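J.: I would like to see how this sequence folds:
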Amino acid sequence: MRFQDTLKLSTRMFKTNPSRTWMTILGMGVGTGAVVLLVGLGFGLQGILLEQIILGETLLSLNVSNPSLRTVTLDTKQIGDIANFEHVKDASPMTAFSALVTYEGLTGNISLNAAGPSYFRYAGVTISDGKGFEDDNEAQEADRVLLTQGALKLFNVEAEEMIGRAIQFRVIVSRGGESEEVQEVPLPKTYKIMGITKEPSAVGAYILLSEASSYFSIKEFERLQVRVESSDYLDEIQQKIIEKGFRVTALSKTVDQANKIFQGVQTVLAVFGGIALIVSAIGMFNTMTVTLLERTAEIGIMRTIGASPNNIKVLFLMESIIVGFLGGVIGILFGVIIGKGLNILMNTLASRYGGIAISLFSFPILFLLFIAGFSAIVGFLTGIFPARRAASLNPLDAIRYK
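T.: This is a model prediction of the structure:
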């Protein structure tokens, strides 16, 4: 039997029993759509967690901080020692001060951080609006400042409005000696906002470390980003720094752990969606069995005029594959439309109430292609038993069947 004849006979169901055929396809679509929507939720959650991470130098950096007991501190000597480790390419420190920030007569508490331009690349701090500090432009950017998204909430303004605006700082420092008293030291310069960082929960600002050093004697640092030459040396350098008494975290390991966790989450969500798909497959199996009974006499006629058992088997398998594939396509459309619709709804609400736009549902193309192929496979598996049964019918008995 020619392929075009087999294909024509396999799609005849859309003319003879269109209602039942489309109901079966929609049933498969509902099951497949549940899988697409739930796994898409897993991909979306994974993307939300990892979207702030910049691949490359960020994943080749170690985040070093002081231990809780302060047995050692990140001072200039310790940073120099770490920077001189073999296979360490760079070490970029960051220090922080408690400060008051003033903008158009309004004053609020803020964490004033000081770091070099390379710190932001290594730490994965990204810019949402404006621009960040550049390596070869420190002299021109001495009077520039970056604000976090969380800092914007102090003044209830949008990021676009703050770019280019001027703010002032009063830094809170200790008086020194044994006294625990502090004093406010106003910075004699007005700083112009050049960018906003993607840090929604942190209420902070960044100036250049060289700028802060011109006003204060910085003896200790809060953090240190250590850039390693290659991922092959991450564990070795991390162990050396830990032996010095500091706390060390590697973003690359955090990413690996997060990916493993979300793989488990996606598997669990896929199982729940798979239950709906199994129910849909059972309905499809029932439809194919009923179709076999209705076409028994037709099968007998086809056998008597020369169709082989293999032709009959291929005919039924192709019919079930078409139904499964179309069900998968409709399920993909259901899942993507519902997921994208929920994304738009949540982002509309977020923008209205001052939140941050996110994509809770994400649908990678390769995943959708896999679902389409998997649906066709489910259709094939569902049609195996009816196809074998149809191929094994005795032609004379099939003709007499009523």
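J.: Now do stretch 230-249, average pLDDT.
T.: Mean per-residue pLDDT for stretch 230-249: 89.
J.: measure it end to end?
T.: One end of stretch 230-249 sits 16 Å from the other (C-alpha to C-alpha, to the nearest Å).
J.: any idea how far that stretch is from the chain center?
T.: 27 Å (C-alpha atoms, centre = their mean, to the nearest Å).
J.: just stretch 139-155 next, same as before
T.: Stretch 139-155 sits 27 Å away from the centroid of its parent chain (C-alpha atoms, centre = their mean).
J.: for the protein, which strand is longest?
T.: Scanning the chain for the longest strand, with DSSP state E as the assignment, gives strand 88-103.
J.: could you point out which element follows that one?
T.: Using DSSP states H and E, the helix or strand that follows strand 88-103 towards the C-terminus is strand 106-115.
J.: Run through the neighbouring helices and strands of the next helix or strand after that next one.
T.: Proceeding N to C from strand 106-115, the next assigned helix or strand is helix 117-123, under DSSP H and E. With contacts taken as 3 or more C-beta pairs under 8 Å, 6 or more residues apart in numbering; DSSP states H and E, helix 117-123 sits against strand 61-65, strand 88-103, strand 223-228. Backbone N, C-alpha and C define where each C-beta goes, glycine included.
J.: most neighbours per residue, which of these?
T.: Ranked by mean neighbour count under mean count of other C-beta atoms under 10 Å, those are led by strand 223-228, which reaches a mean of 24.
J.: For that one, name the packing helices and strands.
T.: Against strand 223-228 (3+ C-beta pairs under 8 Å, 6+ apart) you get strand 61-65, helix 76-83, strand 88-103, helix 117-123, helix 234-243.
J.: related to what we said a few turns ago, tell me the strands beside the longest strand of the chain, with direction?
T.: Strand pairing for strand 88-103, determined by DSSP bridges: strand 106-115 (antiparallel), strand 166-174 (antiparallel), strand 223-228 (antiparallel).
J.: tilt between the shortest one and helix 76-83?
T.: Counting by axes from the mean of the first three to the mean of the last three C-alpha atoms, to 10 degrees, strand 223-228 lies at 20 degrees to helix 76-83.
J.: Just the element for the residue nearest the centre of the chain, please.
T.: Centroid-nearest residue in the chain, with C-alpha atoms, centre = their mean: Gly47, separated by 0.8 Å. In this assignment (DSSP H and E), Gly47 forms part of helix 18-50.
J.: for that helix, packing partners?
T.: Counting contacts by 3+ C-beta pairs under 8 Å, 6+ apart, helix 18-50 packs against helix 13-16, helix 251-294, helix 309-352, helix 365-391.
J.: what's the distance between Gly29 and Ile282?
T.: Distance, Gly29 to Ile282, by C-beta to C-beta, to the nearest Å: 15 Å.
J.: Name the residue in the two with the higher neighbour count.
T.: Gly29 (24 against 13; other C-beta atoms under 10 Å).
J.: Run a quick neighbour tally on the nearest residue to that one once chain neighbours are set aside.
T.: Distance criterion C-beta to C-beta, 6 or more residues apart in numbering; nearest residue to Gly29, sequence neighbours excluded, is Ile330 at 3.4 Å. Number of residues near Ile330 (other C-beta under 10 Å) recorded here: 20.
J.: So Ile330 sits against Thr24, correct?
T.: No. Judged on C-beta atoms under 8 Å, Ile330 makes no contact with Thr24 at a distance of 11.1 Å.
J.: any idea which helix or strand of this structure has the worst average confidence?
T.: Within the chain, no helix or strand scores below helix 3-10, which has a mean of 64 by mean pLDDT, DSSP states H and E.
J.: Tell me which of the strands paired with strand 88-103 lies nearest to Val157.
T.: If you check each of the strands paired with strand 88-103 against Val157 by C-beta to C-beta, strand 106-115 wins as the nearest, at 9.9 Å.
J.: re the thing from before, what's the closest of the helices and strands packed on strand 223-228 to Gly383?
T.: Nearest to Gly383, of those and by C-beta to C-beta, is helix 234-243 at 51.4 Å.
J.: just the angle between that closest one and strand 61-65, please?
T.: Going by the same axes, to 10 degrees, helix 234-243 makes 10 degrees with strand 61-65.
J.: Please identify the buried residues of helix 234-243?
T.: Leu234, Ile237, Gln238, Lys240, Ile241 (16 or more other C-beta atoms under 10 Å).
J.: Can you work out which other helices and strands pack against it?
T.: strand 61-65, strand 223-228, strand 247-250.
J.: so Glu57 sits right up against Arg121, yeah?
T.: Yes. Shown here, Glu57 and Arg121 form a contact pair, counting by C-beta under 8 Å, at 5.1 Å.
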